[in-house]
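Participant: sequence first, predicted model second:
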Amino acid sequence: MKLKVGTRGSELALAQTKIVCDMLKSIDDNIEIEVSVIKTKGDAILDVSLDKIGDKGLFVKEIEKKLIDGDIDFAVHSLKDMPSELDSRLMITDVPLRASEKDVLIVNPKYNLENDEVIQWFKESSNLKIGTGSKRRFYQLRKINDSIIQKDIRGNIKTRINKLVDKDMDAIVLAKAGIDRLDIDDLVYAELDLDMMVPAVGQGCLAIEIRSDDSDMKSLIDSISDRYSTYQYECERAYLKKIGAGCHSPVGAFSYMKEDRFYIVGIFGDEKGDILVRKEKSIAWDKKNIDKKDINREGIDKKDINREVINKKDVDREALRNLGSDLAEEIMKEVNNLLY
């Protein structure tokens, strides 16, 4: 079987595409995959902040056109780059195993800090220059240290890391998943836990996009999917779809299983960051599907659940989508009340 995959040309995009291709080849030795690198609008414009050149979709539209036209068979994206609404001719499949959802605060090496000193340093320092183009990241960090100064930063991961020193920034914020996938280990950084930073919707997830009518490709991709990661994706994407926010507003969400409940925590606010609402909502996990004795209660970082058990059983996905949508409604109502 010969397939053609579309991807952006960055080192991270190619690494992520290789992850998916290797997974597909592992289930069928006869699969051959040609990689087609496609330049997007987001790749071409690097000197303007994302919120000034358009909403989400900047990194996918050109790839999606190739998919619709039949030039490629599937595409691999970072799920957090995907717009909340897709062309009806396209769909995102169930997703593979999620990497870390966390953001990390990477410190300029001139400070000679250890990883476990970073958070305290950040809280106690004044007027730190923080490199990030994300309102979601900056406004949440500003809740912890209101003296920080935002410095817009664009480019691939290694370009941003280089700018940390070259532009004499004090710290930058990146997704841990990207650092891990590129195997970058010579940085001083702190992982930002959920109580400090709600991640982007789907952060750490890979989105595999196919044509909606391609049932054969869907079956193939489903064979490498992870059910628990897909449940998170379903819940978080429903939250984003209801809010409908792009690059102009701070928005984020993360869902997780803990004991016998499924939770989603979300943030949303105004463009200036004067208002930033954070709320959490949960539903009972269907005990008919998952036995309480099978649940791992050791903490969110360990996924809070026996993944092997989850992946053998299915749950009501519509209930998870409704959970995300309901939380979005509650947060939007509170934001509107504060604004007006």
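Facilitator: In hand now; what should we look at? Residues are numbered from 1 along each chain as shown.
Participant: for Ser325, what are phi and psi?
Facilitator: Recorded main-chain torsions at Ser325 are phi -60, psi -40, according to degrees, to the nearest 10.
Participant: what's around it, how many residues?
Facilitator: Residues near Ser325, counting by other CB atoms under 10 Å, number 18. C-beta coordinates here come from the backbone N, C-alpha and C atoms, glycine included.
Participant: same question, Ala200
Facilitator: As a burial measure, Ala200 scores 24 neighbours (other CB under 10 Å).
Participant: could you do the one 3 residues further on as well?
Facilitator: Applying other CB under 10 Å, we find 25 other residues in the vicinity of Gln203.
Participant: residue contacts, it?
Facilitator: Residues in contact with Gln203 (CB atoms under 8 Å, 6 or more residues apart in numbering) are Leu79, Lys80, Glu101, Lys102, Asp103, Ala175, Ala177, Phe254.
Participant: SS state for the third one?
Facilitator: In other words, Glu101. Following DSSP: H, G, I helix; E, B strand; the rest coil, the label given to Glu101 is coil.
Participant: quick one on the thing from earlier: possible to save the contacts of Gln203 as a markdown table with pLDDT, neighbour count and distance to Arg142?
Facilitator: Formatted as a markdown table, the contacts of Gln203 follow (pLDDT from 0 to 100; neighbours: other CB atoms under 10 Å; distance: CB to CB, whole Å):
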| residue | pLDDT | neighbour count | distance to Arg142 |
| --- | --- | --- | --- |
| Leu79 | 92 | 23 | 26 |
| Lys80 | 86 | 21 | 21 |
| Glu101 | 97 | 28 | 21 |
| Lys102 | 98 | 20 | 18 |
| Asp103 | 98 | 29 | 14 |
| Ala175 | 97 | 24 | 19 |
| Ala177 | 97 | 24 | 23 |
| Phe254 | 98 | 26 | 19 |
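Participant: ok, those vs Leu194, which is closest?
Facilitator: Among those, Phe254 lies closest to Leu194 (CB to CB), at 6.2 Å.
Participant: contact partners of stretch 182-191?
Facilitator: 11-12, 15, 100, 102-107, 109, 111, 113-116, 118-119, 122, 157-158, 161, 176, 179.
Participant: sort out which of those are in strands and list them.
Facilitator: Asp103, Val104, Leu105, Ile106, Val107 (DSSP state E).
Participant: gap between the residue lying closest to the fourth one once chain neighbours are set aside and Glu117?
Facilitator: Among residues not flanking Ile106 along the chain, Tyr189 sits closest, at 4.3 Å (CB to CB, 6 or more residues apart in numbering). When distances are taken as CB to CB, to the nearest Å, Tyr189 and Glu117 turn out to be 11 Å apart.
Participant: and these two? Which one has more around it.
Facilitator: Set side by side, Tyr189 and Glu117 show more neighbours around Tyr189, with 20 against 14, by other CB under 10 Å.
Participant: which of the contacts of Gln203 sits closest to Ser26?
Facilitator: For these, the residue nearest Ser26 by CB to CB is Ala177; the value is 20.7 Å.
Participant: surely the closest one touches Val104?
Facilitator: No: taking contacts as CB atoms under 8 Å, Ala177 lies outside contact range of Val104: 9.8 Å.
Participant: tell me which element Val277 falls in.
Facilitator: Under the criterion of DSSP states H and E, Val277 resides in strand 276-284.
Participant: buried ones in that strand?
Facilitator: Leu276, Val277, Arg278, Lys281, Ser282, Ile283 (16 or more other CB atoms under 10 Å).
Participant: adjacent strands (with direction) for that strand?
Facilitator: According to DSSP bridges, strand 276-284 forms sheet pairs with strand 261-269 (antiparallel).
Participant: CA atoms of the strand holding Val277 as PDB?
Facilitator: Taking C-alpha atoms only, strand 276-284 is exported to PDB below (Å, rounded to 0.1, in the frame of the first residue of the first chain):
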ATOM      1  CA  LEU A 276      -9.600  35.800  32.600                       C
ATOM      2  CA  VAL A 277     -12.100  33.300  33.900                       C
ATOM      3  CA  ARG A 278     -11.100  29.800  34.900                       C
ATOM      4  CA  LYS A 279     -13.700  27.100  35.700                       C
ATOM      5  CA  GLU A 280     -13.800  23.300  36.100                       C
ATOM      6  CA  LYS A 281     -16.700  20.900  35.500                       C
ATOM      7  CA  SER A 282     -17.000  17.100  35.700                       C
ATOM      8  CA  ILE A 283     -19.300  14.200  35.100                       C
ATOM      9  CA  ALA A 284     -19.400  10.700  36.700                       C
END
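Participant: check the offset of it from the chain's centre.
Facilitator: Distance, stretch centre to chain centre, for strand 276-284: 18 Å (CA atoms, centre = their mean, to the nearest Å).
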